[in-house]
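Peer 1: only geometry, no sequence info:
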């Protein structure tokens, strides 16, 4: 579609576009005033952690991925349900918007609610609950290892207390009591060795770091206990056979005391190691736990987030305008009426000889019997003068010429065009006879009345065969007789008003006249109707001299500004001169009916 046509279309539909835009504005304003206001409370949370530490529960995530993971946690139904319990209000998914600010480690939480105080409470509660959830996840991750270390440290402490008590009592016992004590100690050590061997067997060949460290500690402990057992067994042998713990040297009391003190020192070392591991584990947990900092706590909003009357009104107006444009385009695409000379020439392949605008109050007027020097008939009269000049140039210059005026469908203004053309030619001194060939709807002569300035007669009367059965179809003999009689009376030009092209009379006449003028009502006649009429004329091999676009609405006159047919300066190209009140002589033959029109409506 050309730019010109687009502009014309927008101008033609401007009232509709403005109306739709106004309705949209009004609707948007009304909706924005009756909607319940919704408030939005926002808070921002910074997620940070030790750069050299990995999060225990998400060890393979970088900082950005970790923040996005927490965004998903905040978006879960479980967390919303827990917050609902905390605040005592049901929270729906669409009420909470959680997103990561681009290229940052900041999470923004936006909560919408009808109550601004409730929106603030929900946003801050979500941050508090997130902190608790992260702490719980970290505690669950380290709980098993921490419990195991605490149990082992308590066991070592118990051994230390037992050894210390044994040292205290050992110094007061005799040899027999020492031997019994040694036996008891050997049994205890054997039991401990058996237990450690079972624990080592259960561990097998571990791959996890914590299990490997635990296995190494137990193997080291087993080795120490086995050495200690060997020493006690040696002391036991010496006490049995020698009555003393050694073959030579110090007494039993000193040897035993040294052994107990050595074992005590060993358990003290193990106990301190467990305590150190516990501290390291707690430090590691603190380093790996992300820090959640609420950098911007939520506050109760003072103004609602929506609706915003200005925005809603503008968007609704734009929506109405867009809908109107779409409707306009659809209607234009579905509109298949003939509008411009280009439409006619594309379908018919013949030129448009004239553009005839509508008269005032959407009526076309007959010129005969009226003063056409003043508006509103003056402009229309000039249109017909140009049309008459175009027609005369396309008809043969014989002593007698016949022009058939027809249309595609009824009520396109063909009768008005025929009468006005006859009036123009008559006023310019040309002998013109207007023939009424509409056998089935012959109203022309009745409408014109008597004493008209133009000479009119029905075609059967012209043929001298007036039949009371007006609906009879014309035949070639009637047409030949009519034209012969007209020539004998000395007529120069016959303008024939016929039915539309779908009638048989129009088809018969089309092949017998010198030229055919097709009247098409602009903005009303369908393109299919025009195509059908052109097809019929081509089949009849009629001489279609051109098409007239009739009844052009005044409101669409700008649509035709580029055509000289409607321009004010085209009069100079016409060879006709206006004659005021010039009338041709009327004959007195009974076959002629000359009538004059007063203020009658066109047919």
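Peer 2: Great, that's in hand. Everything numeric in this text was worked out from a predicted model, so none of it was measured. Numbering: from 1, shown residues only.

Peer 1: Where do the helices of the stretch 201-350 of the chain begin and end?
Peer 2: Assigned by DSSP state H, counting those that start in this stretch, the stretch 201-350 of the chain shows helices spanning 209-241, 252-288, 309-334, 341-348.

Peer 1: do the same with the stretch 401-550 of the chain
Peer 2: Using DSSP H, counting those that start in this stretch, helices in the stretch 401-550 of the chain cover 414-427, 444-448, 459-463, 476-488, 504-510, 527-539.

Peer 1: in the fourth one, what counts as buried?
Peer 2: In this case it means helix 476-488. 478-479, 481-483, 485-486 (16 or more other CB atoms under 10 Å). For glycine as for every other residue, the C-beta is placed from the backbone atoms N, C-alpha and C.

Peer 1: before we move on, back to that, mind checking which of the helices of the stretch 401-550 of the chain is nearest residue 9?
Peer 2: Residue 9 lies closest, by CB to CB, to one member of these: helix 527-539, at 17.1 Å.

Peer 1: follow-up on the earlier one: so of the helices of the stretch 401-550 of the chain, which one's packed in deepest?
Peer 2: helix 414-427 (a mean of 26; mean count of other CB atoms under 10 Å).

Peer 1: which other helices and strands contact it?
Peer 2: Helix 414-427 sits against helix 377-394, strand 401-407, strand 432-436, helix 444-448, strand 454-458, strand 493-497, strand 515-521, strand 544-552, with contacts defined as 3 or more CB pairs under 8 Å, 6 or more residues apart in numbering; DSSP states H and E.

Peer 1: Select, out of the ones you listed, the one closest to residue 310.
Peer 2: Going by CB to CB, the one of those nearest residue 310 is strand 544-552, 43.6 Å.

Peer 1: Neighbouring strands - and their directions - for that closest one?
Peer 2: Strand 544-552 sits in its sheet next to strand 352-357 (parallel), strand 515-521 (parallel), going by DSSP bridges.

Peer 1: just to revisit the earlier point, lowest average confidence across the helices of the stretch 401-550 of the chain, which one?
Peer 2: Least confidently modelled of the helices of the stretch 401-550 of the chain is helix 444-448, at a mean of 73 by mean pLDDT.

Peer 1: packing partners for it?
Peer 2: helix 414-427, strand 432-436, strand 454-458, strand 593-595.

Peer 1: returning to that earlier point: I'd like the helices of the stretch 401-550 of the chain as CSV, with distance to residue 210 appended.
Peer 2: CSV is the format used below for the helices of the stretch 401-550 of the chain (distance: least, CB to CB, whole Å):
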stretch, distance to residue 210
helix 414-427, 105
helix 444-448, 114
helix 459-463, 119
helix 476-488, 118
helix 504-510, 107
helix 527-539, 88
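
Peer 1: Of the helices of the stretch 201-350 of the chain, which stretch is the most buried?
Peer 2: helix 341-348 comes out most buried of the helices of the stretch 201-350 of the chain by mean count of other CB under 10 Å, with a mean of 18.

Peer 1: Need the contact partners of that helix.
Peer 2: Residues from elsewhere that reach helix 341-348, judged by CB atoms under 8 Å, 6 or more residues apart in numbering: 338, 350-352, 355, 518, 520, 527, 530-531, 534, 544, 547, 549, 563.

Peer 1: what's the angle between it and helix 527-539?
Peer 2: With axes from the mean of the first three to the mean of the last three CA atoms, to 10 degrees defining the directions, helix 341-348 sits at 50 degrees from helix 527-539.

Peer 1: what separates helix 341-348 from the chain centre, distance-wise?
Peer 2: When C-alpha coordinates are averaged (CA atoms, centre = their mean, to the nearest Å), helix 341-348 and its chain have centres 38 Å apart.

Peer 1: With stretch 209-229 instead?
Peer 2: Relative to its parent chain, stretch 209-229 has a centroid offset of 71 Å by CA atoms, centre = their mean.

Peer 1: With stretch 75-83 instead?
Peer 2: 32 Å.

Peer 1: taking the mean pLDDT, what do you get for that stretch?
Peer 2: On average, stretch 75-83 scores 87.
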